[in-house]
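K.L.:
when you get a sec, could you give me coordinates for this:
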Amino acid sequence: MSTLIQGAEVRSLVLGRGPVSSPSGAFAADTRTIFTVAGGEVLITALWGVVTTAITVANTVKLVANPTTGDTADVVTATDIGTTDTAAGTVLGFLPDPDDTAATAPDIVRGGGQALTNLVVTTGDIEQVTTGTNPDGAVTWYCTWVPLTNGATLVAG
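P.N.:
This is a model prediction of the structure:
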């Protein structure tokens, strides 16, 4: 039996461009650009992380959309993923916090959850904000996207 549509083609039809990958570097108390958007708006169709170096020290991480013009907004709530060790190879997904009645942003969950989807961002950066006191652990973030503005792009930060 022949295959008419290959896996990469199906992924492109469903999720758009990418995935683009961006390594976080060791977690410390800092803000790092993980993706940069240029030329207008893009729709993030899937965003997730994979732990590449175990996270073993108390450390919160959140993702923030920081546009060139407009308000900065938390995309993901700051979540501690180090007090209880997170092993290398763990997939980081997202789920709404059931105790958050305002439903402002989802929490990071280990070993599952959902990819963050249907997020519109404009020219500027998507940043990782961490609060660890000792450099520890690392994540590679992955993103698929489609341009909403002709010529808009998303690249690793």
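K.L.:
surely Asp74 touches Val64?
P.N.:
Yes: contact criterion C-beta atoms under 8 Å: Asp74 and Val64 qualify, at 5.7 Å. Heads up, the C-betas are built off the backbone N, CA and C, glycines and all.
K.L.:
of the two, who's got more company?
P.N.:
Val64 (18 against 14; other C-beta atoms under 10 Å).
K.L.:
the helix or strand of the chain with the lowest mean pLDDT: which residues count as buried?
P.N.:
None of the helices or strands of the chain scores lower by mean pLDDT, DSSP states H and E than helix 7-15, at a mean of 79. For helix 7-15, burial by neighbour count (16 or more other C-beta atoms under 10 Å) applies to Leu15.
K.L.:
tell me the helix or strand right after that helix.
P.N.:
Downstream of helix 7-15, the next assigned helix or strand under DSSP states H and E is strand 17-23.
K.L.:
list the strands paired with whichever helix or strand comes after that following strand, with their directions.
P.N.:
Remark: after strand 17-23, the chain's next helix or strand is strand 27-38, criterion DSSP H and E. With DSSP bridges as the test, strand 27-38 is paired with strand 124-136 (antiparallel), strand 153-156 (antiparallel).
K.L.:
of all the ones you listed, which one is nearest Gly40?
P.N.:
Closest of the strands paired with strand 27-38 to Gly40 is strand 153-156, at 9.0 Å (criterion: C-beta to C-beta).
K.L.:
avg pLDDT for the closest one?
P.N.:
Here strand 153-156 scores 97 as its mean pLDDT.
K.L.:
buried stuff in that strand?
P.N.:
153-154, 156.
K.L.:
give me the contact list for that strand.
P.N.:
Strand 153-156 is contacted by residues 17-18, 20-22, 34-39, 42, 44, 143, 145, 147 when judged by C-beta atoms under 8 Å, 6 or more residues apart in numbering.
K.L.:
rerun at 6 Å
P.N.:
By C-beta atoms under 6 Å, 6 or more residues apart in numbering, the surrounding residues in contact with strand 153-156 are 20, 22, 35-39, 42, 145.
K.L.:
circling back: closest one of the buried residues of strand 153-156 to Pro135?
P.N.:
Among the buried residues of strand 153-156, and counting by C-beta to C-beta, the member closest to Pro135 is Ala156, at 20.6 Å.
K.L.:
if I look at the closest one, how far off is Asp71?
P.N.:
Separation of Ala156 from Asp71 (C-beta to C-beta, to the nearest Å) stands at 24 Å.
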